[in-house]
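Engineer: Okay, structure incoming, though there's no sequence with it:
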DNA sequence: TTGCAATGAGAACGATCGTTCTCTATAGTA
DNA sequence: TACTATAGAGAACGATCGTTCTCATTGCAA
């Protein structure tokens, strides 16, 4: 028999694909059962409620985001390159066939007002990304405001790419990021 | 008896408040009936389905956005000021008690995958705003890329303000916008 | 081999929702 | 005033969904 660890993983992967493509509310637990291949009983033993499953899916997405960003950063030589690599990561993501925007923003819009746990998970993911950018900006001696600016660009690129259906926003954001980094460096010289 | 025009308006206003605060899916038509004071029969005569009501609400939001941006722009003396006024408008909006992010982004995340009409309405609103910024950027002789950058900042500020619960993103975006406008002007001088 | 605990497949339950229907009251018209 | 068409209040319908329950089956321990 498939052990609980593997079962959890497969159920989360199945639910993630369905939730991301169609929204959480339009996917019934029965669809998760069908796609994952596990009976409802098993699913409910591993995830006591649908909300718990949603949180597990968001946690899974969070780890995938972190590792994706980290992998993109590997190719860069310096902290500035690692900052810009974020936008290269976005550009590749936006081009994926099933791209449908940021799962956290979508979940927040759909479930945020009704579930404080989901809202909290979304907030935690965004704060985590902000800290990542803060750290890199700190390494290049940039101002704290620069990090917040770069995060706004990444955030805006995700929603714009989702709604427009075009990956162009990633390049726009990358260009803007380069300019803002440069401008911050120039301003630091005068400080 | 209240005529259809006024009834439509009141129903849309009631539905807008409910949908925006709690999400569309968690609000039943019965709640719209209770808040608007009109019987379901009347509501369904004016809006043949809930989706039609949602579209009317989005249209209403779209007009409010346009007029809000226009009013903020009035106080500015030149096109650059009118561009920055967008972010002042956002700052005031983010501070409203019931602010809960961009209704279009929320609707897209919640209903987009299931309703092409809603997805289309959201896309249309975003394109309209992009054209507005394009026009202002054109007036100051800016590059087309600058307009796209400014829109990304506004978009990112809206989702970040919603999720973080802080209005600070508006000022961050405004600062970034000023820098990008300046940088674009400098780049134009070399062109 | 016998008994038992857990599993799997799917039916069933209770609640909710979008939408329609019923029935009474009412306003307008000839 | 009598007729008619519409409005209003709310019950009712059909579908869906999250969650639980039934019951036959299976794998394992003694």
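Structural biologist: Happy to help now that I have it. Because the structure is a prediction, the values reported are computed rather than measured.
Engineer: Contacts only, for residue A:174.
Structural biologist: A:84, A:87, A:88, A:91 (Cβ atoms under 8 Å, 6 or more residues apart in numbering or on different chains). Glycine gets a C-beta too; all of them are placed from N, C-alpha and C.
Engineer: Tell me, domain by domain, which residues of chain A belong where.
Structural biologist: A:1-48, A:50-190 (automatic domain parsing).
Engineer: Flag the shaky bits of chain A, pLDDT-wise.
Structural biologist: A:191 (pLDDT under 70).
Engineer: what about stretch A:126-142 and chain B, touching?
Structural biologist: Yes - Stretch A:126-142 lies within reach of chain B by Cβ under 8 Å from any Cβ of the partner chain, at A:126, A:127.
Engineer: Which residues belonging to that stretch are considered buried?
Structural biologist: A:126, A:129, A:130, A:132, A:133, A:134, A:136, A:137, A:140, A:142 (16 or more other Cβ atoms under 10 Å in any protein chain shown).
Engineer: Most tightly packed of the domains of chain A?
Structural biologist: A comparison of these by mean neighbour count, using mean count of other Cβ atoms under 10 Å in any protein chain shown, puts domain A:50-190 on top with a mean of 19.
Engineer: distance between the ends of it?
Structural biologist: Criterion Cα to Cα, to the nearest Å; first-to-last residue distance in domain A:50-190 is 54 Å.
Engineer: and if you look at stretch A:37-54?
Structural biologist: From its first residue to its last, stretch A:37-54 covers 18 Å (Cα to Cα).
Engineer: so can I have a markdown table of the buried residues of stretch A:126-142 showing secondary structure and distance to DNA strand D?
Structural biologist: As requested, the buried residues of stretch A:126-142 are exported to a markdown table (DSSP: H, G, I helix; E, B strand; the rest coil; distance: Cβ to the nearest atom of the strand, whole Å):
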| residue | secondary structure | distance to DNA strand D |
| --- | --- | --- |
| A:126 | helix | 25 |
| A:129 | helix | 28 |
| A:130 | helix | 31 |
| A:132 | helix | 33 |
| A:133 | helix | 35 |
| A:134 | helix | 37 |
| A:136 | helix | 39 |
| A:137 | helix | 41 |
| A:140 | coil | 46 |
| A:142 | coil | 44 |
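Engineer: Adding distance to DNA strand C, write the residues you listed out as TSV.
Structural biologist: Below are these laid out as TSV (distance: Cβ to the nearest atom of the strand, whole Å):
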residue	distance to DNA strand C
A:126	28
A:129	33
A:130	35
A:132	38
A:133	39
A:134	41
A:136	44
A:137	44
A:140	50
A:142	47
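Engineer: Which two of those have the greatest separation?
Structural biologist: Farthest pair in the buried residues of stretch A:126-142 (Cβ to Cβ) is A:126 and A:140. Separation: 22.0 Å.
Engineer: Residues of chain A that sit close to DNA strand C?
Structural biologist: A:1, A:2, A:38, A:39, A:40, A:41, A:42, A:45 (Cβ under 7 Å from any atom of the strand).
Engineer: if we go to 10 Å?
Structural biologist: Residues of chain A lying near DNA strand C by Cβ under 10 Å from any atom of the strand: A:1-4, A:7, A:28-30, A:33-34, A:37-45.
Engineer: Of the buried residues of stretch A:126-142, which is the nearest to residue B:162?
Structural biologist: Taking Cβ to Cβ as the measure, residue B:162 lies nearest residue A:126 of these, at 10.2 Å.
Engineer: so what's the residue nearest to the spatial centre of chain A up against?
Structural biologist: Nearest to the mean C-alpha position of chain A, counting by Cα atoms, centre = their mean, stands residue A:65 at 5.1 Å. The contact partners of residue A:65, by Cβ under 8 Å, 6+ apart, come to A:125, A:129.
Engineer: One more pass at 10 Å, please.
Structural biologist: A:89, A:93, A:102, A:103, A:104, A:125, A:128, A:129, A:132 (Cβ atoms under 10 Å, 6 or more residues apart in numbering or on different chains).
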